[in-house]
Structure formats: structure tokens, C-alpha cells
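*Asks:* Could you work out the structure for the sequence below:
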Amino acid sequence: MAKQGILLVVDDNRNILTSLQYLLGEYFERVITIDSPVTIPTLLNREAVDIVLLDMNFSSGINSGNEGLYWLREIKRLRPQTEVVLFTAYADINLAVTGIKEGAADFVVKPWENAQLVQTLQEAYSRIVEARKGKKKTAVPPVASDDGMYWGNSQAIRPLRMLVEKVSTTDANILITGENGTGKDMLAREIHRLSNRKEGPMIAVDMGAITESLFESELFGHVKGSFTDAHTDRIGRFEAADGGTLFLDEIANLPYHLQAKLLTAIQKRCFVKVGSNTQQPTNIRLICATNRNLEDTLDLHPRITDKI
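*Replies:* Model prediction:
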């Protein structure tokens with residue numbers, strides 16, 4: 001297969017640049033590497049760059065990813081036809097999702113797998129070739145199956161489907177927002193179906209239907225005799241969802257003093273049953289949903305999940 005396309009790799013790690021020069025030089029006509037993004041505008045004016053593989057952090061001691069997002073916007077402003085693939089550490093996946101919303105074609109997580117990296121970049125180049133031929137970008141075909149979600153082909157749904165497919169394979173916690181009836185529960189089940197935890201259980205909890213007095217018992221379980229009606233041991237939703245996904249619907253209905261108990265379990269990855277003194281580990285992926293706008297309260301109450 002003939003080499004095609006001009007690829008620009010931007011990363012402040014010279015060892016990574018050297019490795020990628022050798023690897024990607026086998027697949028692309030030209031591979032340009034730079035260790036600082038400040039020369040990106042000059043390069044884009046001088047070279048007909050097709051794809052940019054862009055790191056998200058460059059300044060020493062700063063790992064916010066905002067530099068990568070800034071240069072993503074600049075690249076799309078200067079050359080909208082250039083595809084940008086973000087190069088990110090696992091901890092920056094949430095920022096990469098933000099990047100996709102702002103025009104990035106995809107993201108690759110460090111440390112990378114060679115085959116996956118090459119495939120991602122080649123797919124980005126294929127979209128450029130199709131656009132140059134005057135074709136529309138390949139539409140995501142609608143899918144309907146007994147165990148899957150039905151996807152349409154509208155401009156609004158295609159980016160959402162791509163996001164879902166990307167974040168599903170990670171263990172990142174997710175917050176789904178939307179008005180009543182928009183399919184938040186269905187979307188949560190699709191994320192679980194596409195995840196690496198699909199063989200595990202998906203446990204859904206309506207947080208608006210749990211009374212404050214039963215909150216700990218419902219989520220963490222209780223032991224026999226811990227309160228008047230505790231005639232037997234009972235497992236909670238965290239234990240039932242172990243190895244799978246825990247979906248907390250209408251999370252905004254949870255009072256603030258109970259949010260603290262939930263946050264402790266999420267952060268420590270363990271819980272204590274009511275009436276017990278033993279900490280029990282839990283291995284869950286958390287998905288939350290709400291129909292309310294949580295942005296108004298972020299300054300007072302930190303967000304504990306990631307939003308798509």
C-alpha cells in the first residue's frame with residue numbers, strides 16, 4: 001500500500017517523537033515532528049498538513065490539558081479541513097471528550113498500542129480523502145437489534161454516538177443530562193452494553209424513590225439485626241453491581257448530606273454495610289443521570305462524575 005498524507009506530530013517528549021517518526025513513517029508520505037506547538041501556525045501555512053497528532057500538555061508542571069484544547073481550536077480555525085487526533089494520558093480522557101466536541105476527530109491514550117494508533121490516524125486520513133472527492137463523510141448506519149440501541153443518522157446523533165462508543169470502553173464515570181423522556185436510561189444501558197463490563201450486571205437505582213432513612217441500606221446493604229426490620233442480611237446496590245455498572249438515575253434528587261456518603265464510597269472504592277464495621281471493596285463503573293442543570297451549583301458542590 002502506497003504511503004499517503006502528511007502527518008504532523010506535536011509532543012514535548014523527544015523520545016516519543018523519535019519513536020513515532022519510525023513507526024508512522026511506514027504508513028504516511030511525510031511525518032513532521034515538533035516538540036512545541038508555537039510553530040503550528042507557521043507549519044500549517046507552509047505545509048499542506050492532513051492530520052495533526054496533538055499532545056494535550058506542554059508546559060512543565062501544568063497538566064490541565066487546556067493547552068491542547070487551545071491549539072486544537074487554533075488548528076481548526078486556521079485549517080478547518082485538517083483532522084486532529086488528540087494524544088492523551090488516561091487521566092485526561094474527559095478532556096479528550098471535550099476535544100471531540102470541539103472538533104477533534106478522535107483521541108489515542110498513552111501508552112499507545114501501535115496498531116490502534118495507526119488505524120486511528122488512517123481512518124482520519126480516509127475521511128479527508130472522501131471529503132476531497134466531494135463525498136459526504138461516511139454516515140453511521142442506523143442499528144437496531146434486540147440488545148442494542150437504535151441509532152439514527154441525523155447530524156445531532158452522529159457526534160453523540162461517536163462519544164458513546166469512545167467513552168464506553170473506558171472506566172470513566174459518566175453523567176448524562178437531558179430533559180425527561182430524552183432516553184437517558186437507554187443511553188446508560190447502551191454504554192454498559194458496549195463497555196468492557198458488559199458481561200457483568202447493570203444495576204439501576206432511581207435516587208428520587210429512595211427515602212433518606214433507607215439510603216445506606218439500599219446502596220450499601222445491611223446485616224441482620226442492624227435495625228428493627230433487618231431480619232436477614234441484605235446486599236446493597238453497590239455489591240449487586242460489583243464487576244459491572246451502577247446507574248444512579250435522577251442523581252440531583254439526592255440531598256447534599258447523603259451525597260457526602262456516596263462520594264466517600266466512590267473515592268475509596270469500598271463501603272460498609274449498615275450494622276457492620278467491615279469495609280467491603282467494590283468494583284463498579286458509575287453512570288449518573290439527571291434532568292436538572294447542575295452547572296448552577298458546581299461552585300458550591302464539586303462534580304463527582306464526568307459529563308458527556
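
*Asks:* Is it correct that Thr33 falls within a strand?
*Replies:* Yes: according to DSSP: H, G, I helix; E, B strand; the rest coil, the state of Thr33 is that of a strand.

*Asks:* mind listing the helices for the stretch 151-300 of the chain?
*Replies:* Using DSSP state H, counting those that start in this stretch, the helices of the stretch 151-300 of the chain run over 157-168, 184-194, 215-220, 237-240, 256-268.

*Asks:* Quick check: which ranges of the stretch 151-300 of the chain have low pLDDT?
*Replies:* Within the stretch 151-300 of the chain, the segments meeting pLDDT under 70 span 155, 295-300.

*Asks:* Kindly recompute the last result at 90.
*Replies:* 151-175, 177-186, 196, 205-218, 221-236, 250-269, 272-279, 282, 291-300 (pLDDT under 90).

*Asks:* Need the winner for burial among the helices of the stretch 151-300 of the chain.
*Replies:* Ranked by mean neighbour count, those are led by helix 215-220 with a mean of 21 (mean count of other Cβ atoms under 10 Å). Quick note: C-beta positions are derived from backbone N, CA and C, even for glycine.

*Asks:* Can you name the residues in contact with it?
*Replies:* 205, 210, 222, 227, 230, 234, 236-239, 254, 258, 261-262, 265, 271-274 (Cβ atoms under 8 Å, 6 or more residues apart in numbering).

*Asks:* How about stretch 94-114?
*Replies:* Stretch 94-114 is touched from outside by 23, 51, 53, 56, 64-65, 68-69, 72-73, 76, 83-90, 93, 116-117, 120, 123-124, 127, 159, 162-163, 166-167, 172, 306, 308, with contacts defined as Cβ under 8 Å, 6+ apart.

*Asks:* In strands only, show me those residues.
*Replies:* Members of those lying in strands (criterion: DSSP state E): 51, 53, 83-89, 306.

*Asks:* Perfect, I'm done here.
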